[in-house]
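>>> With the input below, show me the fold.
(one chain, ligands or ions: 1)
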Amino acid sequence: MPAYKSIEWLEDQKALRLLDQTKIPAELKYVTLSRVEDIAAAITDMVVRGAPAIGVTAAYGLAVAAWQEESDLLSATMTRVADADAILRASRPTAVNLCWALDQMHNRVARQQPTSLVAYRAALVDAAHALAREDVEINKAIGHAALDIVPQEATFIHHCNTGGIATVDYGTALGIIRIAHEAGRKVHVYVDETRPRLQGGRLTSWELQQLGISHQIIVDGASGFVMKNKSVDMCVVGCDRVAMNGDVANKIGTYNLALVAKAHGVPFFVAAPISTIDPEMPSGDQIEIEERPASEITEIDGVKVAPEGAEVFNPAFDVTPAHLISGIITEKGIIYPPFDETLKTLFLSNEQDHE
Ligand SMILES: CSC[C@@H](O)[C@@H](O)C(=O)COP(=O)(O)O
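Okay, the predicted model is just below:
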């Protein structure tokens with residue numbers, strides 16, 4: 001059992017404790033944050049990362065903001081929380097979970113109709129706890145739904161990091177692998193190292209080690225060779241946003257992996273909590289793709305590896321078109337192409353569940 005918590009509310013300090021993902025695997029280090037500005041910076045700087053994890057972190061960020069307010073006025077605290085919302089919403093653009101979690105916080109707190117500061121702060125903390133709890137349940141449900149398609153002996157290729165640290169626990173795509181392993185399936189994972197931040201080589205490999213799951217790190221460019229020469233049963237990846245036509249935004253390199261999978265006839269599955277379906281996005285073309293600093297590519301651990309002055313284009317995500325996706329695995333089951341109608345139905349049923 002992993003002995004770490006990705007995200008933890010410290011009730012005595014009214015603060016959020018995050019596992020610092022920039023330090024793994026060298027160190028298991030936590031940061032304690034009691035200012036919303038620091039929480040937003042932790043999201044931007046990827047101290048915490050992974051779509052569900054940043055959603056839940058932002059949710060707790062609102063609770064932190066409510067305690068940061070020094071006046072004992074409900075109205076001033078609500079203004080502080082509204083300001084915090086704007087800061088958190090702008091911390092990373094691609095994962096829809098961030099905005100979804102913030103919207104959920106407001107809806108859930110409003111349903112409580114808190115009339116005192118004490119009740120308002122408590123409602124925020126309770127709503128964030130609920131989102132955190134639900135995240136774990138959703139991930140387990142995704143993993144169990146996938147058992148139907150995971151063979152008794154299963155070899156996966158996995159991209160980026162979608163595990164317990166990218167969520168509150170279990171993970172989405174990595175949760176599928178974990179639950180298959182726990183269910184007694186014989187599992188092996190080829191772990192895309194995932195340039196430039198090495199979420200695979202640093203984080204996924206570390207998580208799989210803790211879980212005792214057989215795996216080998218490969219460079220991103222090796223997936224074609226691996227699919228050609230090894231027997232790969234399926235690719236599983238996570239996602240940051242699902243458009244209504246089934247296009248999916250995920251870590252840069254996911255699209256390449258999907259193309260290679262198509263070329264080799266390897267099924268390509270996306271693990272997606274229903275909260276990642278974005279009704280505002282008709283297709284992947286409208287999804288905002290975050291661009292990150294050049295230094296992520298030109299430097300490794302602070303050491304320059306590119307020529308001085310080299311220009312860089314560093315999109316952090318790409319969009320995999322629906323026609324390359326074999327299925328989307330959600331907490332309510334696996335959906336298959338064409339995705340449009342099923343995505344609409346799933347999204348609406350999820351809305352009703354949260355009313
Ligand atoms: C369960 S995590 C799903 C996605 O957020 C994950 O695949 C991913 O692309 C993470 O990107 P990152 O830039 O590391 O936050």
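
>>> Where does the stretch 101-250 of the chain get nearest to the ligand, residue-wise?
As assessed by C-beta to the nearest ligand atom, the ligand sits closest to residue 238 within the stretch 101-250 of the chain, at 2.8 Å. To be clear about C-beta, it is placed using only N, CA and C from the backbone, and glycine gets the same treatment.

>>> Please verify my assumption that residue 98 contacts residue 61.
No: between residue 98 and residue 61 there is no contact under C-beta atoms under 8 Å: 9.9 Å.

>>> Compare the two and say which is more crowded by neighbours.
Ranked by neighbour count (other C-beta atoms under 10 Å), residue 98 and residue 61 place residue 61 first, with 34 against 26.

>>> Please confirm that that one is located within a helix.
Yes: judged by DSSP: H, G, I helix; E, B strand; the rest coil, residue 61 forms part of a helix.

>>> what residues do residue 98 and residue 61 have in common as contacts?
Counting by C-beta atoms under 8 Å, 6 or more residues apart in numbering, the common neighbours of residue 98 and residue 61 are residue 88.

>>> Any idea how many residues pack against residue 323?
Residue 323 is flanked by 12 other residues according to other C-beta under 10 Å.

>>> Tell me the pLDDT of it.
Note for residue 323: predicted pLDDT of 98.

>>> The closest residue in space to it that isn't next to it in sequence: how many residues sit nearby?
Distances taken as C-beta to C-beta, 6 or more residues apart in numbering put residue 337 closest to residue 323, at 7.4 Å, once the chain neighbours are dropped. Look at residue 337: counted by other C-beta under 10 Å, it has 14 neighbours.

>>> packing partners for whichever helix in the chain runs longest?
Criterion DSSP state H: the longest helix present in the chain is helix 117-146. Packing contacts for helix 117-146, counted by 3 or more C-beta pairs under 8 Å, 6 or more residues apart in numbering; DSSP states H and E, involve strand 7-10, helix 51-68, helix 74-89, helix 96-112, helix 173-182, strand 268-271, strand 327-330, strand 333-335.

>>> That one - what's its average pLDDT?
When pLDDT is averaged along helix 117-146, the result is 98.

>>> tell me which residues in it are buried?
Neighbour-count burial for helix 117-146, counted by 16 or more other C-beta atoms under 10 Å, picks out 117, 120-125, 127-129, 131-132, 134-136, 138-146.

>>> That one and the ligand in contact?
No: on the criterion C-beta under 6 Å from any ligand atom, helix 117-146 is out of touch with the ligand, staying 8.1 Å away.

>>> ok, now stretch 287-299?
No: applying C-beta under 6 Å from any ligand atom, one finds stretch 287-299 separated from the ligand by no less than 7.7 Å.

>>> could I have stretch 320-333 exported to CSV, CA atoms only?
Output in CSV follows, covering the C-alpha atoms of stretch 320-333 (Å, rounded to 0.1, in the frame of the first residue of the first chain):
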residue,chain,number,x,y,z
THR,A,320,-6.0,12.9,-30.0
PRO,A,321,-8.9,12.8,-32.5
ALA,A,322,-11.8,10.6,-31.7
HIS,A,323,-11.2,8.3,-34.7
LEU,A,324,-7.9,7.0,-33.1
ILE,A,325,-9.6,6.1,-29.8
SER,A,326,-11.0,2.6,-29.3
GLY,A,327,-12.9,3.5,-26.2
ILE,A,328,-13.3,5.9,-23.3
ILE,A,329,-13.3,4.3,-19.9
THR,A,330,-15.5,6.3,-17.4
GLU,A,331,-16.8,5.6,-13.9
LYS,A,332,-20.1,4.6,-15.5
GLY,A,333,-18.6,2.1,-17.9
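
>>> Pull out the buried positions in that stretch.
320-322, 324-333.

>>> likewise stretch 261-278?
With the criterion 16+ other C-beta under 10 Å, stretch 261-278 contains buried residues 261, 266, 268-278.

>>> which of the residues you listed lies closest to residue 172?
Closest approach between the buried residues of stretch 261-278 and residue 172, by C-beta to C-beta: residue 271, at 3.9 Å.

>>> Can you check the pLDDT for that closest one?
99.

>>> how close does it sit to residue 161?
Computed with C-beta to C-beta, to the nearest Å, the distance linking residue 271 and residue 161 is 12 Å.

>>> Within range of the ligand, give me the residues from this structure.
So the chain meets the ligand at 49-52, 95, 160, 162, 166-167, 171-172, 199, 238-240, 250-251, 316 (C-beta under 6 Å from any ligand atom).

>>> Which ones among those residues lie within strands?
Judged by DSSP state E, the residues of the chain next to the ligand include 250, 251 as members of strands.

>>> hang on, the earlier thing: single out the most deeply packed of the helices and strands packed on helix 117-146.
Burial of these is given as mean neighbour count (mean count of other C-beta atoms under 10 Å); helix 51-68 ranks first at a mean of 27.

>>> What is it packed up against?
Secondary elements touching helix 51-68 (3+ C-beta pairs under 8 Å, 6+ apart): strand 7-10, strand 15-19, helix 36-44, helix 74-89, helix 96-112, helix 117-146.
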